[in-house]
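J.: dropping the sequence and predicted coords here.
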Amino acid sequence: MTTTITAPGVIETVRLSDGDFTNENEARSIRALLFAAMLERAEPVVKHYRSDLFHDALWIHNHVNGEMTWHWLVRECGTNLNETADTMIRLGVGPHAVYYKVTLTKCRFVWTVTFESLPLHR
């Protein structure tokens with residue numbers, strides 16, 4: 001399998017759903033589609049500690065309830081969110097890592113997620 005490295009400055013936007021977070025079934029669907037978009041980006045990079053993705057799914061379930069932005073680090077040895085992602089960037093990561101600013105927004109009744117690749121150096 002070939003690892004795809006996303007260069008800093010690349011911005012990808014994915015349409016998720018026209019659901020509503022006030023409806024639990026629709027909220028679950030939005031979160032599932034968000035997690036699927038994250039999995040697509042993690043799959044070519046994460047080789048070890050794939051169980052981190054389970055923790056990412058739990059974090060999404062517990063924290064994503066509307067428009068928001070967070071940092072997500074995807075590396076060969078797992079993933080990190082927010083402060084731990086920022087800490088790992090300062091400590092140094094492998095050459096295949098990708099550091100994202102992830103933004104969930106709603107525009108014209110449609111939820112989208114934007115993945116902006118950030119530099120691996122601070």
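T.: Great, that's in hand. Residues are numbered from 1 along each chain as shown.
J.: what's the neighbour count on residue 71?
T.: Neighbours of residue 71 under the rule other CB atoms under 10 Å: 17. (Glycine included, C-beta is placed from N, CA and C.)
J.: swap that for residue 99, please
T.: 24.
J.: isn't it up against residue 116?
T.: No: look at residue 99 against residue 116 with CB atoms under 8 Å: they stay out of range, at 9.5 Å.
J.: is it true that residue 42 touches residue 53?
T.: Yes: between residue 42 and residue 53 there is a contact at 6.1 Å, judged by CB under 8 Å.
J.: what's the overlap in contacts for those two?
T.: residue 79 (CB atoms under 8 Å, 6 or more residues apart in numbering).
J.: so for the residue nearest to the spatial centre of the chain, what's the pLDDT?
T.: The centre of the chain sits closest to residue 38, judged by CA atoms, centre = their mean, with a distance of 4.6 Å. With respect to pLDDT, residue 38 scores 98.
J.: now swap in residue 6 and tell me
T.: We have a pLDDT of 66 for residue 6.
J.: what packs against the lowest-mean-pLDDT helix or strand in the chain?
T.: Between all helices and strands in the chain, the lowest mean by mean pLDDT, DSSP states H and E belongs to helix 82-91, at a mean of 91. Secondary-structure packing of helix 82-91 (3 or more CB pairs under 8 Å, 6 or more residues apart in numbering; DSSP states H and E): strand 68-75.
J.: what is the mean pLDDT for the strand it packs on?
T.: On average, strand 68-75 scores 97.
J.: hmm, who's touching that strand?
T.: Contacts for strand 68-75 (CB under 8 Å, 6+ apart): 38, 41-42, 45-46, 56, 79-82, 84-86, 88-89, 93-94, 96-104, 118.
J.: quick one: buried residues of it?
T.: If you call a residue buried by 16 or more other CB atoms under 10 Å, then strand 68-75 has these buried ones: 70, 71, 72, 73, 74, 75.
J.: any figure for the gap between the last one and residue 30?
T.: Taken as CB to CB, to the nearest Å, the spacing of residue 75 relative to residue 30 amounts to 26 Å.
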